[in-house]
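J.: Task: produce atomic coordinates for the following.
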Amino acid sequence: MNRRTVLALTVGAALLIPGCTGTGGSSKGADAKAPDDPSKVTGTIKVLTVRTDLVQDGTMKKYAAEFNKTYPKVKVEFEALTNYEAEVKIRMNTENYGDVLLIPAVIKKADYPRFFASLGTAAERGKKYRFTDYTTVDGKVYGQSPIGVAPGFVYNKRIWKEAGVTEWPTTPAEFIADLKAIKARTDAIPYYTNFAAGWTLTSWTYVDGAVHCDPQATTKLAEGDPWANGADLRVGDTLLHDIVKAGLVEKDPTTSNWEESKPRTAKGEIATQWLGTWAIVQFRDAAKKAGVNPDDIGFMPFPSQTDGKFCATVAPDYNQAVNVHSQYKEAARAWIDWFTDKSTYGQDNLAISPLKNAAMPEVLKPYEEQGVKLIEVDDAKGARVKQIDSDSEVGIYAPEYRQNLVDLARGARKGNLEGFLDDLGKRWTDAQKNLGS
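T.: Model prediction:
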């Protein structure tokens, strides 16, 4: 699994406070302080990652070699996990969950201090970095993403042009019409659900905020019905449903294949997928390997405009954190700081930098040219949203509910869209009421 997506798996039994299985080293504490003298930082740290591709091809090892030019006495070991969320959730019932890890979506925000060491105050880190509010608890920051991402459609520009479509659709109805043109005039699959991978479908949650260009979208999730008429998630879920119901997707979504979808999109066998900026470099690399033009890979926003402009949300990728039980917090903190500030990871992935003074990546030039408005969604109510999501058992960051939606649309599940979305809304608002203010 090598992607940006947040999979909030349903919390079963409550996560236990990790036990004590340390491996020696410095004493434990609640903070991971930034090193004063890189030459004195020592230790062997394990870094957990979802980037199986970068571990396998040696890229992460190259980053570590660069890191060691500044921190020569720190040894960095990587462990890439394919089913990251599920595996780390189990490990976090012990102390043994790496020294540096990506904060699993299953962890409640209020519990961050139980599992992760503080990186500093929100007031101080907020001067330099974007996205700090996503991991802030009681004024302290517990994680930092090395990149920011924006959701959107990865698409094959050549196929869309062959279908006669040269302008981005501005409404869901136009988008459906364009996919129908692709089906009629090309041999490509108009839209690929990547149903079998599951996590790919969770990307649809990130239409939230983009549909109506609303920085307070998360607050509205916390306080209202996400599937009320006109609400962002209802608009997004309705579009996904209608795409599938119109027969504009792969023949059997249950046999879809994420890795194969990249070269197939690059070659024009698949026209469109809803993913994010993080995916563009992977699809372009797939094009190069397949001997086709990587410039055919384009990126477009959700088909909706506010005041005549498209909007796209900008949010952090997985946030890196220091295990609160790590014996080498200083070394772990050094890795996070270096990887965020100094590595080429962001540029290599055509990503948005978390550094506030950094320029936007080349991949977003079409967005700039088209006047797409980039917004950061206020995550002050993020913890409440996750609690409501858990209590309601809806799972807006998990794959099951949209797999159910796809099954409904293709006739593999009984019911209708109206009833399906109304049920989600009822469960969600009931959980809000039970949670109280």
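
J.: can you give me the helices for the stretch 251-400 of the chain?
T.: 258-267, 280-290, 329-341, 345-348, 365-369, 382-392, 400-409 (DSSP state H, counting those that start in this stretch).

J.: If you average pLDDT over each of these, which is lowest?
T.: The weakest mean pLDDT among those belongs to helix 365-369, with a mean of 88.

J.: tell me what it is packed against?
T.: Counting contacts by 3 or more Cβ pairs under 8 Å, 6 or more residues apart in numbering; DSSP states H and E, helix 365-369 is packed against strand 297-300. Where C-beta positions appear, they are placed from N, C-alpha and C, glycine not excepted.

J.: where in the stretch 151-300 of the chain is pLDDT low?
T.: Within the stretch 151-300 of the chain, not a single segment meets pLDDT under 70.

J.: Which one of the helices of the stretch 251-400 of the chain lies nearest to residue 172?
T.: Ranking those by their distance to residue 172 (criterion: Cβ to Cβ) puts helix 400-409 first, at 14.1 Å.

J.: mind saving the C-alpha coords of the closest one as CSV?
T.: What follows is helix 400-409, C-alpha atoms only, in CSV (Å, rounded to 0.1, in the frame of the first residue of the first chain):
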residue,chain,number,x,y,z
GLU,A,400,-17.0,-0.6,3.9
TYR,A,401,-19.7,2.0,3.6
ARG,A,402,-18.7,3.0,0.0
GLN,A,403,-18.2,-0.6,-0.9
ASN,A,404,-21.8,-1.0,0.2
LEU,A,405,-22.7,2.1,-1.9
VAL,A,406,-21.1,0.6,-5.0
ASP,A,407,-22.8,-2.7,-4.4
LEU,A,408,-26.1,-0.9,-4.1
ALA,A,409,-25.6,1.0,-7.3
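
J.: sorry, back to before: just put the helices of the stretch 251-400 of the chain in a markdown table and tack on mean neighbour count and distance to residue 30.
T.: Formatted as a markdown table, those follow (neighbours: other Cβ atoms under 10 Å; distance: least, Cβ to Cβ, whole Å):
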| stretch | mean neighbour count | distance to residue 30 |
| --- | --- | --- |
| helix 258-267 | 20 | 38 |
| helix 280-290 | 19 | 37 |
| helix 329-341 | 23 | 10 |
| helix 345-348 | 17 | 27 |
| helix 365-369 | 13 | 40 |
| helix 382-392 | 20 | 19 |
| helix 400-409 | 20 | 35 |
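
J.: nearest to residue 375, of those?
T.: Smallest distance to residue 375 across the helices of the stretch 251-400 of the chain (Cβ to Cβ): 12.0 Å, for helix 365-369.

J.: Just read off the phi/psi values of the closest residue to residue 194 other than its chain neighbours.
T.: Leaving aside its chain neighbours, residue 194 sits nearest to residue 200 (3.7 Å; criterion: Cβ to Cβ, 6 or more residues apart in numbering). Here is the backbone geometry of residue 200 (degrees, to the nearest 10): phi -60, psi -30.

J.: what's stretch 51-59 in contact with?
T.: 1, 2, 49, 60, 61, 78, 79, 80, 81, 82, 282, 348 (Cβ atoms under 8 Å, 6 or more residues apart in numbering).

J.: start to end distance for that stretch?
T.: Using Cα to Cα, to the nearest Å, the end-to-end distance of stretch 51-59 comes to 10 Å.

J.: With stretch 320-335 instead?
T.: For stretch 320-335, the end-to-end distance is 10 Å (Cα to Cα).

J.: same question, stretch 210-225
T.: Using Cα to Cα, the end-to-end distance of stretch 210-225 comes out at 17 Å.

J.: Now that stretch: buried residues?
T.: 210-214, 216-222, 225 (16 or more other Cβ atoms under 10 Å).

J.: Dump those residues into JSON lines; add secondary structure and distance to residue 435 as well.
T.: Formatted as JSON lines, the buried residues of stretch 210-225 follow (DSSP: H, G, I helix; E, B strand; the rest coil; distance: Cβ to Cβ, whole Å):
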{"residue": "210", "secondary structure": "coil", "distance to residue 435": "26"}
{"residue": "211", "secondary structure": "coil", "distance to residue 435": "25"}
{"residue": "212", "secondary structure": "coil", "distance to residue 435": "25"}
{"residue": "213", "secondary structure": "coil", "distance to residue 435": "28"}
{"residue": "214", "secondary structure": "coil", "distance to residue 435": "22"}
{"residue": "216", "secondary structure": "coil", "distance to residue 435": "19"}
{"residue": "217", "secondary structure": "helix", "distance to residue 435": "19"}
{"residue": "218", "secondary structure": "helix", "distance to residue 435": "15"}
{"residue": "219", "secondary structure": "helix", "distance to residue 435": "15"}
{"residue": "220", "secondary structure": "helix", "distance to residue 435": "16"}
{"residue": "221", "secondary structure": "helix", "distance to residue 435": "13"}
{"residue": "222", "secondary structure": "helix", "distance to residue 435": "9"}
{"residue": "225", "secondary structure": "coil", "distance to residue 435": "14"}
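
J.: which two in those are spaced the farthest apart?
T.: 213 and 225 (19.7 Å).

J.: what's the closest non-adjacent residue to residue 363?
T.: Nearest non-adjacent residue to residue 363 (Cβ to Cβ, 6+ apart): residue 350, at 4.1 Å.

J.: so that neighbour makes contact with residue 344?
T.: No - using Cβ atoms under 8 Å, residue 350 makes no contact with residue 344, being 11.3 Å away.

J.: out of these two, which sits in the more crowded spot?
T.: residue 350 (19 against 11; other Cβ atoms under 10 Å).

J.: which residues touch the more buried one?
T.: Going by Cβ under 8 Å, 6+ apart, the list of residues near residue 350 reads 277, 280, 281, 361, 362, 363.

J.: just to revisit the earlier point, of the buried residues of stretch 210-225, which is the nearest to residue 111?
T.: For these, with residue 111 as the reference and Cβ to Cβ as the criterion, the closest is residue 222, at 17.9 Å.

J.: and that closest one, how far is that from residue 313?
T.: The spacing between residue 222 and residue 313, counted by Cβ to Cβ, to the nearest Å, is 16 Å.

J.: same question, residue 323
T.: Separation of residue 323 from residue 313 (Cβ to Cβ) stands at 29 Å.

J.: ok, how many other residues are close to residue 91?
T.: Other residues within reach of residue 91, judged by other Cβ under 10 Å, total 17.

J.: swap in residue 371?
T.: When neighbours are counted by other Cβ under 10 Å, residue 371 registers 9.

J.: How about it: what's its closest non-neighbour residue?
T.: Spatially, and ignoring its direct neighbours in sequence, residue 371 is nearest to residue 309 (5.6 Å; Cβ to Cβ, 6+ apart).

J.: now swap in residue 31 and tell me
T.: Leaving aside its chain neighbours, residue 31 sits nearest to residue 118 (4.7 Å; criterion: Cβ to Cβ, 6+ apart).
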